[in-house]
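S.K.: Give me coordinates for this.
(one chain, ligands or ions: 1)
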Amino acid sequence: MQPYFAETFGNASSLHTHGREAAAALDEARMVIACALGARSGEIIFTGCGTESDNLALRGIALAMRQQGRGNHIITTPVEHQAVEATAQQLRDVFGFDLTLLPVDGNGCVDPDDVRRAVRPDTVLVSVMLANNEVGTLQAIAEIGRVCREAGVPLHTDAVQAPAWLPLDVNALHVDALSLSAHKFYGPKGVGVLYLREGTPYMPPLTGGGHERGRRPGTVNVAGAVGAATAIKLVSRERESQARRVQALRNYLIEGVLSTVPDVRLSGHPTERLPNHASFVFKHVDGESLIMALDLEGFSVSTGSACSSGNPEPSPVLLAMGVPPDWALGSLRVTLGYATTEADVEAFLHALPRCVAQVRAAEQMV
Ligand code: PLP
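M.R.: Predicted coordinates:
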């Protein structure tokens, strides 16, 4: 990325030499990302983050479809990232779309037959995430894609969690739009990608100049795009061997947690999940206190429950999966990376039972 901050600093939209050099780098980055997704260069739009890609996909497609008189109905799920959830809610509450939330089972899975049943003649968009950020569950996107294709309804998938772990091919998945975020595959923060299939109705939610063929106006972050393209090239090389290695470590971690900590359950699908992802719910444990206790031991993990004004709220994703609220308050998400070692997992398994016991003891005293 460095040359594009200092030497090749031109604006990719400028016609002069500096601009054309930057534009060449941007074209190359776009081609690399397109190749990694089985897409065409012109179908790749650089954005500012995964959230923006989700926003552009949902608003851009839904509004264009409605303008073409295709209908007013959107289908999504109750386990989406807030970037999709809040956009869909706004489309319902402010723009007057009819919104259907598909059911999910206890593992957080959507049944493609439920998509088939939910699609109506006035459905303009289906959005189902590929891999869940909180519980790691993978959805049957290719099957859902076939259902949408048969019905002639565009399908968007939020694949932000996937590229470092799963090969992605937009044609095998039968998707019309797909969101990525570079920092989730070891690229820079502040760069997103939206794949938008040629011919998909789309009204640019951001209005302005002609950048990104008018689909995302605004000067493009050239260094960021180069970083994202380099990152996807690097993960494409390592993905298969890392996924195998990390999945074995992750399985060891799950077995260790379930056999050493009382009153704990795995959340999400036992096998159809991201290979690096382990998530649990604990009875009588405050998720945020557990995060703090583990942080003191040197582990950076997260919880799905959010504490606003001293009142912990269980994760809506876990509630939609039928996890009882008192368990959902004690959720823990542990993700492994390309750099995680067996010694790291051993150390975690050593620290966790002690941290859980500490948090439970402290809660009993309150
Ligand atoms: N979608 C999913 C599934 C995510 O996990 C995230 C971020 O964690 C996002 C969207 C948003 O991405 P960004 O932080 O780049 O806006």
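
S.K.: need the helix or strand of this structure with the lowest average pLDDT.
M.R.: Every helix and strand in the chain was compared by mean pLDDT, DSSP states H and E; the lowest is strand 306-308, with a mean of 58.

S.K.: Can you tell me which residues in the stretch 1-150 of the chain are near the ligand?
M.R.: Where the stretch 1-150 of the chain comes near the ligand, counting by Cβ under 6 Å from any ligand atom, the residues are 49-51, 54, 81, 83, 129, 133. Glycine gets a C-beta too; all of them are placed from N, C-alpha and C.

S.K.: now with 8 Å?
M.R.: 48-54, 80-84, 129, 131-133 (Cβ under 8 Å from any ligand atom).

S.K.: neighbour-wise, which of those leads?
M.R.: residue 54 (31 neighbours; other Cβ atoms under 10 Å).

S.K.: quick one: contacts for the nearest residue to residue 223 once chain neighbours are set aside?
M.R.: Leaving aside its sequence neighbours, residue 223 sits nearest to residue 4 (Cβ to Cβ, 6 or more residues apart in numbering; 3.8 Å). Neighbour list for residue 4: 22, 25, 222-223, 226 [criterion: Cβ atoms under 8 Å, 6 or more residues apart in numbering].

S.K.: Any part of the host helix or strand of residue 227 near the ligand?
M.R.: Assigned by DSSP states H and E, residue 227 falls within helix 222-260. No: judged by Cβ under 8 Å from any ligand atom, helix 222-260 stays clear of the ligand, getting no closer than 11.1 Å.

S.K.: Give me the helices and strands touching whichever helix or strand comes after that helix, please.
M.R.: Going down the chain from helix 222-260, the next helix or strand is strand 264-266, by DSSP H and E. Using 3 or more Cβ pairs under 8 Å, 6 or more residues apart in numbering; DSSP states H and E, the elements in contact with strand 264-266 are helix 222-260, strand 277-282.

S.K.: Sheet partners, orientation included, of the shortest one?
M.R.: It stands for strand 277-282. strand 264-266 (antiparallel), strand 331-335 (antiparallel) (DSSP bridges).

S.K.: nearest to residue 235, of those strands?
M.R.: Smallest distance to residue 235 across those (Cβ to Cβ): 14.9 Å, for strand 331-335.

S.K.: Need the contact partners of that closest one.
M.R.: Counting by Cβ under 8 Å, 6+ apart, 133-135, 253, 267, 274, 276-282, 287, 290-291, 299, 301-305, 314-315, 318, 348 sit against strand 331-335.

S.K.: switch the cut-off to 7 Å
M.R.: By Cβ atoms under 7 Å, 6 or more residues apart in numbering, the list of residues contacting strand 331-335 from outside reads 134, 253, 267, 276-282, 287, 290, 301-305, 315, 318.

S.K.: Same question for stretch 340-347.
M.R.: 246, 249, 252-253.

S.K.: Just want the residue of the stretch 1-150 of the chain that's nearest the ligand.
M.R.: residue 50 (2.7 Å; Cβ to the nearest ligand atom).

S.K.: Quick check: the gap between the residue lying closest to that residue once chain neighbours are set aside and the ligand.
M.R.: Closest residue to residue 50 apart from its sequence neighbours, by Cβ to Cβ, 6+ apart: residue 181 at 3.1 Å. Going from residue 181 to the ligand by Cβ to the nearest ligand atom, to the nearest Å gives 3 Å.

S.K.: what about residue 181, how many residues close to it?
M.R.: Residue 181, neighbours per other Cβ under 10 Å, totals 27.

S.K.: Please tell me how far it sits from residue 318.
M.R.: Distance, residue 181 to residue 318, using Cβ to Cβ, to the nearest Å: 23 Å.

S.K.: Reformat the contacts of residue 4 as CSV; add pLDDT and distance to residue 323.
M.R.: Shown next, in CSV, are those (pLDDT from 0 to 100; distance: Cβ to Cβ, whole Å):
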residue, pLDDT, distance to residue 323
22, 95, 49
25, 97, 47
222, 98, 44
223, 98, 42
226, 98, 42
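
S.K.: my guess is the residue nearest to residue 50 contacts residue 49, does it?
M.R.: Yes: between residue 181 and residue 49 there is a contact at 5.7 Å, judged by Cβ atoms under 7 Å.

S.K.: related to what we said a few turns ago, looking at the residue nearest to residue 223 now. What's its pLDDT?
M.R.: Looking at residue 4, its pLDDT is 95.

S.K.: Go ahead and confirm residue 135 touches residue 279.
M.R.: Yes: the criterion here is Cβ under 7 Å, and residue 135 meets it with residue 279 at 4.8 Å.

S.K.: Now the common contact residues for the two.
M.R.: By Cβ under 7 Å, 6+ apart, the residues touching both residue 135 and residue 279 are 267-268.

S.K.: Spatially nearest residue to residue 178 (excluding sequence neighbours)?
M.R.: Using Cβ to Cβ, 6+ apart, the closest residue to residue 178 is residue 195 (4.2 Å).

S.K.: if I've got this straight, that neighbour is in a strand?
M.R.: Yes: Residue 195: assigned to a strand according to DSSP: H, G, I helix; E, B strand; the rest coil.
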